[in-house]
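Q: heads up, no residue letters with this:
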């Protein structure tokens with residue numbers, strides 16, 4: 001019982017994180033209570049020679065033997081063990097380690113990967129297209145002026161092919177906005193997961209501190225086995241994570257983890273508010289015996305960690321539903337390029353070839369490059385979460401299991417979005433190639449027409465007057 005590694009294994013989560021210190025203090029208390037031989041403090045006694053308590057008990061916890069001069073060891077009682085005999089104080093250590101281990105170190109890297117968008121976050125301007133698709137008010141609108149950029153690219157092309165190109169671009173935008181919202185939904189889930197983790201740590205810290213305060217009160221105010229005044233040592237951890245929402249606002253920059261433009265702080269505050277409203281808030285009175293006090297605490301810790309696991313499961317389930325709604329409100333798959341824009345006979349084209357060709361280079365090619373780079377960010381984020389360590393706990397297996405299930409689902413949904421994104425980038429590149437083909441064909445037609453006219457002029461000039 002003297003070796004309690006919890007405090008050494010815990011990592012601090014910021015300047016206001018006291019759990020490491022709290023668990024060190026808890027370990028010291030357990031060591032003190034278990035090794036009663038080295039002090040004149042709490043121990044379990046049995047009365048001898050017919051002595052007993054007024055209520056008939058022959059075994060009790062004696063908290064401060066020195067304050068009982070009329071009850072002498074060897075004459076009136078014998079020490080039979082620690083006041084914690086029959087309990088397992090390591091349950092508290094295991095609970096804290098189970099929670100601490102469920103936040104992978106790569107979570108920030110994964111968040112930054114999927115939160116670095118292109119169309120909906122970090123864009124320059126205001127939404128310019130109401131047809132981009134939207135399935136809920138909580139979606140992120142398109143900020144990049146994509147439609148007007150494409151229209152500028154095709155300026156000078158007036159015919160059916162231009163209209164077909166426009167129609168395909170709008171379908172592509174509709175899909176792209178939805179797919180980017182899928183990544184941002186994953187980013188929100190990461191932020192909410194971290195909020196649940198931080199709130200669980202905070203609540204465990206407060207709970208263990210209250211238990212320690214109860215220990216102190218028993219020694220200070222209760223010389224023999226009796227309930228001692230002190231704070232209620234536990235309250236509900238968290239509740240209602242499924243109804244908490246967070247908003248990712250990146251401003252076009254990769255965010256430092258835990259900043260998230262206030263997303264984490266907003267989520268943890270919302271979780272605390274939900275916990276405060278919970279009708280199942282738990283409060284415990286001191287049952288008198290040290291063993292019963294710690295046993296009851298461990299039972300409630302177990303119930304609360306089961307709740308933490310359920311909250312993590314709810315984040316996963318809500319993410320699945322959210323992305324399904326996004327897909328239904330947009331396009332399930334990127335639209336294949338419309339090759340028919342190349343089928344219009346050259347003589348029917350009303351086009352300025354240089355303007356279209358140069359427009360592709362100015363407006364479309366940079367977007368292909370940017371989206372390809374964006375894809376690498378997405379893929380890095382998904383790979384990061386795919387390699388996450390969600391911890392392990394033989395005492396509280398539901399916590400790491402919930403984390404692994406969350407991670408596996410994120411990888412599945414995220415990789416699907418990455419693959420769709422890559423297909424979309426390839427299709428956009430093909431669209432640019434089709435537009436260049438149109439421009440080249442039109443240019444060739446113009447060149448051919450000019451050649452015909454020049455040949456006619458030469459023929460005319462070669463005719464000698466009679």
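A: Perfect, thanks for sending it. Computed from a prediction, not measured in an experiment: that's the story for all the values here.
Q: use CA for all of it now, contacts and neighbours both
A: Noted.
Q: Moving C-terminal from whichever helix or strand residue 33 is part of, which element do we reach first?
A: Using DSSP states H and E, residue 33 sits within helix 19-34. Sequence-wise, the next helix or strand downstream of helix 19-34 (DSSP H and E) is strand 43-47.
Q: got the buried residues for that following strand?
A: Using 16 or more other Cα atoms under 10 Å as the test for burial, strand 43-47 gives 43-47.
Q: follow-up on the earlier one: report the angle between the axes of the helix holding residue 33 and strand 43-47?
A: Per axes from the mean of the first three to the mean of the last three Cα atoms, to 10 degrees, the angle that helix 19-34 makes with strand 43-47 is 20 degrees.
Q: what's helix 19-34 packed up against?
A: Judged by 3 or more Cα pairs under 8 Å, 6 or more residues apart in numbering; DSSP states H and E, the packing partners of helix 19-34 are helix 6-9, helix 160-221.
Q: Show me what the longest one is packed up against.
A: By that I understand helix 160-221. Packed next to helix 160-221, using 3+ Cα pairs under 8 Å, 6+ apart, are helix 19-34, helix 90-100, helix 107-115, helix 146-153, helix 263-277, helix 290-329, helix 398-462.
Q: so for stretch 78-96, what's the average pLDDT?
A: Averaged over stretch 78-96, pLDDT sits at 92.
Q: Just the endpoints, please. Distance across that stretch?
A: Taking Cα to Cα, to the nearest Å as the measure, stretch 78-96 stretches 36 Å from start to finish.
Q: Tell me the buried residues in it?
A: For stretch 78-96, the neighbour count (16+ other Cα under 10 Å) marks 79, 81-84, 89-96 as buried.
Q: Would you point out the most distant pair within those?
A: The distance between the two most remote of those (Cα to Cα) is 32.3 Å, for 79 and 96.
Q: Next, count neighbours for the nearest residue to residue 316 once chain neighbours are set aside.
A: Setting aside the residues directly before and after it, residue 316 is nearest to residue 406 in space (Cα to Cα, 6 or more residues apart in numbering), at 5.3 Å. Per other Cα atoms under 10 Å, the neighbour tally for residue 406 reads 23.
Q: Residue 406 and residue 314 touch, don't they?
A: No. Using Cα atoms under 8 Å, residue 406 is not in contact with residue 314; the gap is 9.4 Å.
Q: So residue 144 versus residue 434, what's the distance?
A: According to Cα to Cα, residue 144 and residue 434 sit 23 Å apart.
Q: still on that earlier bit, is it possible to export the buried residues of strand 43-47 to JSON lines including pLDDT?
A: As requested, the buried residues of strand 43-47 are exported to JSON lines (pLDDT from 0 to 100):
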{"residue": "43", "pLDDT": "88"}
{"residue": "44", "pLDDT": "90"}
{"residue": "45", "pLDDT": "87"}
{"residue": "46", "pLDDT": "89"}
{"residue": "47", "pLDDT": "85"}
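Q: can you put the helices and strands packed on helix 19-34 in a markdown table and add mean pLDDT and mean neighbour count?
A: Formatted as a markdown table, the helices and strands packed on helix 19-34 follow (pLDDT from 0 to 100; neighbours: other Cα atoms under 10 Å):
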| stretch | mean pLDDT | mean neighbour count |
| --- | --- | --- |
| helix 6-9 | 50 | 16 |
| helix 160-221 | 86 | 22 |
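Q: Reformat these into a markdown table and put distance to residue 425 next to each item.
A: Shown next, in a markdown table, are these (distance: least, Cα to Cα, whole Å):
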| stretch | distance to residue 425 |
| --- | --- |
| helix 6-9 | 45 |
| helix 160-221 | 10 |
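Q: Tell me which of these approaches residue 62 most closely.
A: Taking those one by one with Cα to Cα, helix 160-221 is closest: 9.5 Å.
Q: Next, the angle helix 90-100 makes with the closest one.
A: Here the directions of helix 160-221 and helix 90-100 differ by 160 degrees (the same axes, to 10 degrees).
Q: what distance separates helix 160-221 from the middle of the whole chain?
A: Put simply, helix 160-221 sits 4 Å off its chain's centre (Cα atoms, centre = their mean, to the nearest Å).
Q: of the helices and strands packed on helix 160-221, which approaches residue 208 most closely?
A: Among those, the nearest to residue 208 by Cα to Cα is helix 19-34 (7.1 Å).
Q: That closest one: which residues count as buried?
A: Neighbour-count burial for helix 19-34 flags 19-20, 22-23, 25-27, 30-34 (criterion: 16+ other Cα under 10 Å).
Q: Helix 290-329 and that helix, what's the angle between them?
A: 150 degrees.
Q: just how off-centre is helix 19-34 within its chain?
A: Distance of helix 19-34 from the chain centroid (Cα atoms, centre = their mean) equals 32 Å.
Q: Could I get the pLDDT score of residue 439?
A: At residue 439, pLDDT is 85.
Q: show me the contacts for residue 183.
A: Going by Cα atoms under 8 Å, 6 or more residues apart in numbering, residue 183 touches 114-115, 378, 414, 417.
Q: quick one: which two of those residues are the most distant?
A: The widest separation within those (Cα to Cα) is 13.1 Å, between 115 and 417.
Q: What distance do you get for the residue nearest the centre of the chain to residue 27?
A: Nearest residue to the geometric centre of the chain (Cα atoms, centre = their mean): residue 190, 0.8 Å. Counting by Cα to Cα, the gap from residue 190 to residue 27 is 32 Å.
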